[in-house]
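predicted model follows, preceded by the sequence.
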There are 2 protein chains.
Amino acid sequence: MGEATGYEIRKHFEDGPFSHFAEGGFGSIYPALNRLTKDGLVDCTEQAQDKRPDKKVYRLNENGFEALLEALGRAPAEDRYKSDLLFMLFFADHLSPARLERLIDERIRFYRDKLAHMADCAGGAGPPHGPRFVHGFGVAVYEAALSYLETQKAALIDRVARAQNADAAE
Amino acid sequence: MGEATGYEIRKHFEDGPFSHFAEGGFGSIYPALNRLTKDGLVDCTEQAQDKRPDKKVYRLNENGFEALLEALGRAPAEDRYKSDLLFMLFFADHLSPARLERLIDERIRFYRDKLAHMADCAGGAGPPHGPRFVHGFGVAVYEAALSYLETQKAALIDRVARAQNADAAE
DNA sequence: ACTCGCATGTATCAGATCGATATATTGTAA
DNA sequence: TTACAATATATCGATCTGATACATGCGAGT
């Protein structure tokens, strides 16, 4: 997608178009850029800067583009959804109703913020078409998660509270 | 959740109730069980078996249960959705319409199978209530993903095909 | 004026995880 | 009869994650 420094690449993973389905910190990016440079898939030009640390600007070259196309020809790995919150809610019966409410409310707010932010970076109608499709997928999944939390929150808390009261009454 | 061997725990991550939001291979599970045993959070009893390798049956003890409750009191990490397919579809403009169709169709089939399998392990109405909530969340998210792929597939392929034809005509 | 944190930019390190592999036996399907 | 799936253990290298370190300028608050 043009030129970028390691720092900029990480921002794409943090906030940008990749943030919904991939992740990458410095500990992955810098070693990867070194490996790619060594393997001749990216070109690197160093730029001295005034009043800023030096930059290393990377760009995919022809070899790299071919390697990308080759990778796109292979079978994709399975998607995976990893959620600490769901792990905790699996044990909802051991949590207090107040704690449950706080946990779920916080996640609802998180998803609302995320969706609001995504609405801003919607991307236009023209090509390339991949990013828009991917963006739409992210929105659809996050909206489903948000909607589930909003509609099912009360029922979960109510059921857990009743069960805990019944236990205490024994 | 009672007694289990490392092998059985992995099955819970592979197929079972945890499979929608967590992952764990042998390389994580066996070292973790050793660590937990050393720290006195689980009890381990060895069982010799006829015609099968020996078992090590683990069970969370009181210390372990307290540690679990303590962990449930901490803030959960952010959810993350990791998708190789979305990464590939981000570059949809570099893929042939036939390839796009195959990729998306395969994922549609995958999600249909997964949802069919999940419908079987729905879990009853009584307590514990956590697993049912978590199960419903998984179903909601997978249905959203499936539905998006089904409804948006044709539009993506059509747009990409038109753009590629226009390019070729130049 | 001064400090505190944030943005830009590089990079490493310990610890955790992932995927493949090794070992051994039984049952089952091609 | 041959190969593969299931049961069960475990390790190993490569990678990933999250925290930290270093250096500097800019803007916001006190």
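Noted; the coordinates are in hand.

test my guess that A:Q49 contacts A:T5.
No. Assessed by Cβ atoms under 8 Å, A:Q49 is found out of contact with A:T5, at 10.6 Å. The way it works is simple: take the backbone N, C-alpha and C, and place the C-beta from them, glycine included.

now do the shared contacts for these two.
By the contact definition Cβ atoms under 8 Å, 6 or more residues apart in numbering or on different chains, A:Q49 and A:T5 are jointly contacted by A:K55.

more neighbours: those two, which one.
Per other Cβ atoms under 10 Å in any protein chain shown, whichever of A:Q49 and A:T5 has more neighbours is A:T5, with 17 against 8.

where's that one relative to DNA strand C, distance?
Separation of A:T5 from DNA strand C (Cβ to the nearest atom of the strand, to the nearest Å): 3 Å.

so that residue touches A:Y58, yeah?
Yes. Contact criterion Cβ under 8 Å: A:T5 and A:Y58 qualify, at 7.0 Å.

need phi/psi at A:Q47.
When read as degrees, to the nearest 10, the backbone of A:Q47 gives phi -130, psi 120.

that one and DNA strand C: what is the separation?
Plainly put, A:Q47 is 8 Å away from DNA strand C if you go by Cβ to the nearest atom of the strand.

what sits closest to that residue if chain neighbours are left out?
With sequence-adjacent residues excluded and distances taken as Cβ to Cβ, 6 or more residues apart in numbering or on different chains, A:Q47 is closest to A:K55, at 4.4 Å.

quick one, what contacts that neighbour?
When contacts are counted by Cβ under 8 Å, 6+ apart, A:K55 touches A:T5, A:E46, A:Q47, A:Q49.

any chance of the residues you listed in TSV with pLDDT and secondary structure as columns?
Listed next are the contacts of A:K55 as TSV, based on pLDDT from 0 to 100; DSSP: H, G, I helix; E, B strand; the rest coil:
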residue	pLDDT	secondary structure
A:T5	95	coil
A:E46	91	strand
A:Q47	88	strand
A:Q49	78	coil
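
near A:L95, how many other residues are there?
For A:L95, using other Cβ under 10 Å, the count is 21.

just the pLDDT for it.
Per-residue confidence at A:L95 stands at 96 (pLDDT).

hmm, it is touching B:A71, no?
No. Taking contacts as Cβ under 8 Å, A:L95 lies outside contact range of B:A71: 11.4 Å.

so which residues of chain A form strands?
In chain A, the strands defined using DSSP state E lie at A:42-47, A:55-60, A:80-82.

closest to DNA strand D out of the ones you listed?
strand A:80-82 (9.1 Å; Cβ to the nearest atom of the strand).

now the helices for chain A?
Remark: helices assigned in chain A by DSSP state H are A:6-14, A:26-38, A:62-72, A:84-90, A:97-120, A:130-169.

save the ones you listed as TSV, and put in mean neighbour count and distance to B:I108 too.
Converted to TSV, the helices of chain A look like this (neighbours: other Cβ atoms under 10 Å in any protein chain shown; distance: least, Cβ to Cβ, whole Å):
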stretch	mean neighbour count	distance to B:I108
helix A:6-14	16	27
helix A:26-38	14	30
helix A:62-72	14	19
helix A:84-90	22	24
helix A:97-120	15	24
helix A:130-169	18	13
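
distance of A:A166 from A:R159?
Taken as Cβ to Cβ, to the nearest Å, the spacing of A:A166 relative to A:R159 amounts to 11 Å.

again with A:L36
Here the criterion is Cβ to Cβ. By it, A:L36 lies 52 Å from A:R159.
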